[in-house]
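In: quick one, structure for this:
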Amino acid sequence: MSDRTDWGGLREQTLEHPEALASYEATRIRFELGRAVRERREELGMTQTQLARLAGLQQPAVARFEAGGTMPTLPLLERLAVALGMRLHVGFEPLDKAG
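Out: Residues are numbered from 1 along each chain as shown. Predicted coordinates for the structure are as follows:
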């Protein structure tokens with residue numbers, strides 16, 4: 001008869017706090033943006049160094065971004081999009097349709 005909570009229960013309990021939920025969402029956004037950039041870079045067969053050069057960055061900045069370690073500005077996202085041969089699209093989506 002243990003009072004231990006499984007990971008999912010602990011996560012739900014923690015995310016009941018507004019500050020924790022905001023932090024979780026910020027982390028999710030950084031992770032998803034970083035993953036999208038890494039996947040596109042890899043599709044193009046580019047290294048982080050090549051992407052950095054095209055976007056006017058240093059390779060460690062690209063590595064941190066791809067790992068979800070930084071919250072980018074819109075101008076930085078635009079530079080990365082152009083370097084990846086893409087167009088940046090920013091929009092809003094109703095929460096009930098968000099994945």
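
In: after whichever strand or helix holds residue 53, which helix or strand is next?
Out: Using DSSP states H and E, residue 53 sits in helix 48-55. As assigned by DSSP H and E, the chain's next helix or strand after helix 48-55 is helix 59-66.

In: quick one: list the elements packing against the host helix or strand of residue 22.
Out: Using DSSP H and E, residue 22 falls within helix 18-43. In terms of contacts (3 or more CB pairs under 8 Å, 6 or more residues apart in numbering; DSSP states H and E), helix 18-43 is packed against helix 48-55, helix 59-66. Placement of C-beta: from N, CA and C, glycine included.

In: quick one: that helix to helix 59-66, angle?
Out: Interaxial angle, helix 18-43 versus helix 59-66 (axes from the mean of the first three to the mean of the last three CA atoms, to 10 degrees): 120 degrees.

In: may I see the buried residues of helix 18-43?
Out: Using 16 or more other CB atoms under 10 Å as the test for burial, helix 18-43 gives 30, 33, 34, 36, 37, 38, 40, 41.

In: so for that helix, mean pLDDT?
Out: Throughout helix 18-43, pLDDT has a mean value of 90.

In: run the chain-centre distance for it.
Out: 2 Å (CA atoms, centre = their mean, to the nearest Å).

In: before we move on, what about stretch 41-51?
Out: Distance of stretch 41-51 from the chain centroid (CA atoms, centre = their mean) equals 17 Å.

In: before we move on, what about stretch 84-99?
Out: Counting by CA atoms, centre = their mean, stretch 84-99 is centred 13 Å from the centre of its parent chain.

In: buried ones in it?
Out: For stretch 84-99, by 16+ other CB under 10 Å, it's residue 84.

In: could you dump the helix holding residue 53 to CSV, C-alpha only?
Out: Written as CSV, here are the backbone C-alpha positions of helix 48-55 (Å, rounded to 0.1, in the frame of the first residue of the first chain):
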residue,chain,number,x,y,z
GLN,A,48,24.8,22.7,-38.5
THR,A,49,27.8,24.6,-39.6
GLN,A,50,26.4,25.1,-43.1
LEU,A,51,23.0,26.2,-41.7
ALA,A,52,24.7,28.6,-39.3
ARG,A,53,26.7,30.2,-42.1
LEU,A,54,23.6,30.7,-44.2
ALA,A,55,21.6,32.1,-41.3
